Structures are given as structure tokens and as C-alpha cells.
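Visitor: What follows is a predicted structure for the sequence shown.
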Amino acid sequence: MSASTHAPEAKASTLAVKREIARKTRRRRTEHTAEELNIVAMMDMMTIILVFLLKSLSSSAANVPQSDDLRLPHSSVNTSPSQALQVIVSRVSVTVNGRFVTSLRNGYVDPSQKRGGGTGLLINPLAEAMRDQVQVARTMAERSGQPFRGEVAIIADHGIPSRTVFEVLYTCGQSGFAGFQLLVLKARSAS
């Protein structure tokens, strides 16, 4: 086998050799991987979960703490309360979503707090609070792309005079809320 059967080998230039060495070095090099946990992403995830849980637990209409001033009536209802604005009427006060609105005397609203005095049905402080709440509810409904339903869950003590409950219902209705739910305790079945 003579030299004529083999092709003459060309000498590599210095630049080509340097390129080949750099390419092989890049192949052998492994990328650095982090061995520790990314705590920032984990904290973000835990914060989102915490906010979700707090929101869903605090807005449930079924979570009503009863006290000496607030005892719910019993009923044989079979439906669960929906996510509605809570208006609590205890023996001593009216609150909207946990915020004090006005006080009651012996279960009645002070006539000076009502439009029209003792014969009036509109409770002024409650009307102001409900106007604020209807704006918030409409904004939330608009942002979520759902229609505004105007639902209110009335949570009243079983000993509250019906006149006071009617005044609260009337005031809520005049403020833009038309869907009413009366929260009661489910009576135990005698089986």
C-alpha cells in the first residue's frame, strides 16, 4: 500500500485546534445545579394558601359564634347558607360583616337612629354601612365577571322583636340588597 492510496493529510490551523479544544471543554463541563431549596418560591406558595384558607373560613355564613346576646332560632331547614353579606342582629347591637353599626335597647333600635323617628323603618347607620357594602359587592362582582346578586344573610337572635327584623330587612332592601336568607340552627331529629 503505497502513499498514493491515502489522501494527503492537511495540517490543522491553530485557530481550528483552539476551537476544537473549546468545544470539547464545553461538552465536559456540567452546569451548576443548586442543591438547596428555593425558600422564596415556597414562601409565596404558603402565603397564597394561607390567604385562600383565611378568606374561605372567615366568609362562611355558617361560622357564627353564639353568645348570651345571640341565640339562633331552630328550624328543620335542609339547605346550607351561601356566601352572602352577614348582618348580625344580637340583643345589644347590629353588625355588618363583623363591624359594629348601631346599638339596640331591649332589642329595639333607638328612634333617633331611624329616619322618621319611632315609626320609621329605615335605620340610618345601617343604611350607610349597606351603601358601602353594595359598592364593594358590585365592584367584586364586576371584577369576577359575575352578576351582582345582592344577597344578605340575616343572623338574628331568636328573641329579637319582629319589628327590628323588619326594619333591618327594609334598610337592606333600600340599599340595593334584595336576596335575603335568615340563618337558623337545624333542629335535631328525634330518631
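Guide: The structure has been received and is ready for your questions. Predicted model, so just to flag it, every value in this text is computed and none were measured. Numbering: from 1, shown residues only.
Visitor: Now name the helix or strand holding the residue sitting nearest the centre point of the chain.
Guide: For the chain, the residue whose C-alpha lies nearest the mean C-alpha position (C-alpha atoms, centre = their mean) is Lys55; its distance is 3.7 Å. Using DSSP states H and E, Lys55 falls within helix 39-58.
Visitor: Also Val152?
Guide: Using DSSP H and E, Val152 falls in strand 151-156.
Visitor: go on, Phe148?
Guide: Phe148 belongs to no helix or strand, assigned by DSSP H and E.
Visitor: Would you mind listing the residues in contact with it?
Guide: By C-beta atoms under 8 Å, 6 or more residues apart in numbering, the residues touching Phe148 are Ala137, Arg138, Ala141, Glu142. C-beta coordinates here come from the backbone N, C-alpha and C atoms, glycine included.
Visitor: Helices - which of those land there?
Guide: Judged by DSSP state H, the contacts of Phe148 include Ala137, Arg138, Ala141, Glu142 as members of helices.
Visitor: distance of the third one from Gln181?
Guide: Applying C-beta to C-beta, to the nearest Å, one obtains 17 Å for the distance of Ala141 from Gln181.
Visitor: Which of the two has more residues huddled nearby?
Guide: Gln181 (18 against 14; other C-beta atoms under 10 Å).
Visitor: so what pLDDT did that one get?
Guide: Confidence at Gln181, expressed as pLDDT, is 78.
Visitor: Mind jotting down where the strands sit in the protein?
Guide: 74-75, 85-89, 93-96, 99-105, 108-109, 114-115, 122-123, 151-156, 179-182, 185-186 (DSSP state E).
Visitor: Same list (those strands) but as TSV, adding distance to Ala16.
Guide: Shown next, in TSV, are these (distance: least, C-beta to C-beta, whole Å):
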stretch	distance to Ala16
strand 74-75	90
strand 85-89	78
strand 93-96	81
strand 99-105	79
strand 108-109	95
strand 114-115	95
strand 122-123	91
strand 151-156	78
strand 179-182	81
strand 185-186	86
